[in-house]
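**Q** no sequence on this one, just coordinates:
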């Protein structure tokens, strides 16, 4: 087994970790998996049990601004609010950054601005950690390419390795123990009409983190044994549907994959159920719309929110049927 | 493969099907499976893929009254309302009864009174068909025992074979092609404190029948391949927990089994989801109560209703927390 420091040393291969740039700002998009990442074969390096496939959310993501400061402690602001040192997120972020620097180095003042709801199961840690490694790449002027940054981002949060590119991205799960072949690969499918509709289901109770949920599922769900085969089927289905621009096939395979992931959770011990009443109501609404021949599908991650999948031509209908929806065009027209 | 007529002939083995009793009234309780019946290996004889285990609902069930009449057509009343000949239920009932009689025989006037909501996923067809075979046993004075009646009831509706007894009943799935070893067997566990709480979730849309749902699941769900193993585990768990009167273990295994059944449906094509928003809200309520150390569990059948499992000592709490609940004591105190 490898640790993160070994992998970082191998990627940097002698590049300096002295500060080269006093300030900078980078951006990484969030991403939503159409074929899910659920379960790790190595929880240190965040190596997945299966490949996965996502769509990046264009302007929805994380802005990361850094400034080298002459102070004793690092500072973090999230969406303009100072985050205290004892906060989990502060700890997680600087533990990650500390993998790359000595304690003798100057401290940082970091501002992260998320254009998506944080911790709403909307892959904010994915865009967050992708933006961090892009920021470090500026700070130290490593000039790493996106593939190398993808591996580094994965060490912060698994799905972050898919947030280095726009559009459709496949996370090749790889076979190596050091994870050097487990990284995002952009897929060459442009689909300007593709739309994502975010439906935020209010949840006042704290639910289990996806990291913990996937570990429990992998350990206790008898149905999890079939998950790798399910992913193989759905990934193949989504990729061939993307190649043929067959939207119904993309939607069907994506929705099926999400439901299968949640089915593995329902059969975990204890059962994990991210859907709340609102989620269930929206699912039935989507299924009713499909019975009326509307091409709308959904996917769901480790939270109660639903993400609708549809094409530009359905925009007016979707806005009318789901007044609370926030629509994202992953391929901005230029 | 056998047909129903062959099985009936074998069970009756030459007993007369001439009317012996002009009128009569019988009763059979509904039952709720703690370990579910989901999927058939023979859809003609209703032979299941797995064993199952239920609890009968005492005074909640079907009263079946018959009277031989000198008329041209059979008459059926359900809960006091006349049921027309073209109605599905009329057709299903008399198709079944016609398996036992020649057209030359006199017609019947039948009154079925159900003390549970019909077609609410509350096993009304189970108590219905169990009461029918008990009624025919009177009409023709066959003097069949409950085991023989169980096999006949199964030909009408699979889970009806468990409704010939009070208390806990196991449906031995058997291995014979003619189903002569696939019948209910009463289990000798009395548990006067055991309670079932019926929670009826209103559903204004017609959902898929359990017969159709289990066929689609068996044919299309990749997770269904693990269902027989899941049942084996849960059935063993429930039976040993019953033997030890370990209520938490009964509840856990029952709830897990129900969730696994619904997980196989979620991964069917098309996905089958019986839960509505109310169902989901109740499930979360139950899980929250368990976090607060309350011993309450649920099971769910092919419908949005939830059935709470708890002990007598929790009755006051349950009534307060679920004002709409209808509580059943399956072992009436005498």
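**A** Received the coordinates, thanks. Since we're looking at a predicted model, the values are computed, not measured.
**Q** how about the contacts made by residue A:169?
**A** By Cβ atoms under 8 Å, 6 or more residues apart in numbering or on different chains, the residues touching residue A:169 are A:31, A:53-56, A:162-163, A:184-187. For every residue, glycine as well, the C-beta is placed using N, CA and C.
**Q** I'd like these as a markdown table, with secondary structure appended.
**A** Shown next, in a markdown table, are the contacts of residue A:169 (DSSP: H, G, I helix; E, B strand; the rest coil):
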| residue | secondary structure |
| --- | --- |
| A:31 | strand |
| A:53 | strand |
| A:54 | strand |
| A:55 | strand |
| A:56 | strand |
| A:162 | helix |
| A:163 | coil |
| A:184 | strand |
| A:185 | strand |
| A:186 | strand |
| A:187 | coil |
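**Q** so which of those residues reach chain B?
**A** Near chain B, judged by Cβ under 8 Å from any Cβ of the partner chain, there are no entries from the contacts of residue A:169.
**Q** and those residues, which are buried?
**A** A:31, A:53-56, A:162-163, A:184-187 (16 or more other Cβ atoms under 10 Å in any protein chain shown).
**Q** on that earlier part again, out of the contacts of residue A:169, which is nearest to residue A:244?
**A** residue A:187 (13.5 Å; Cβ to Cβ).
**Q** is the residue lying closest to the closest one once chain neighbours are set aside bridged to anything, and to what?
**A** Excluding the flanking residues, the one nearest residue A:187 by Cβ to Cβ, 6 or more residues apart in numbering or on different chains is residue A:168, at 4.2 Å. Judged by DSSP bridges, the bridge partners of residue A:168 are residue A:55.
**Q** the longest helix seen in chain A near chain B at all?
**A** For chain A, the longest helix by residue count, based on DSSP state H, is helix A:247-266. Yes - using Cβ under 8 Å from any Cβ, helix A:247-266 reaches chain B at A:255-256, A:259-260, A:262-264, A:266.
**Q** what is the mean pLDDT for stretch A:309-328?
**A** The average pLDDT within stretch A:309-328 is 97.
**Q** wait, what's in contact with the closest residue to residue A:242 other than its chain neighbours?
**A** Distance criterion Cβ to Cβ, 6+ apart; nearest residue to residue A:242, sequence neighbours excluded, is residue A:189 at 4.5 Å. By Cβ under 8 Å, 6+ apart, residue A:189 lies in contact with A:167-168, A:242-243.
**Q** ok so, going back, and which of the contacts of residue A:169 is nearest to chain B?
**A** residue A:53 (18.6 Å; Cβ to the nearest Cβ).
**Q** let me know the secondary structure of residue A:217.
**A** Assigned with three-state DSSP, residue A:217 falls in the helix class.
**Q** out of the contacts of residue A:189, who's the most crowded?
**A** Counting neighbours by other Cβ atoms under 10 Å in any protein chain shown, the top entry in those is residue A:168, with 26 neighbours.
**Q** correct me if wrong: that residue contacts residue A:186.
**A** Yes - between residue A:168 and residue A:186 there is a contact under Cβ atoms under 8 Å: 7.4 Å.
**Q** residue A:103: what secondary structure?
**A** coil.
**Q** please tell me the pLDDT value assigned to it.
**A** In this model, residue A:103 carries a pLDDT of 85.
**Q** ok, it - how many residues close by?
**A** Residue A:103, neighbours per other Cβ under 10 Å, totals 6.
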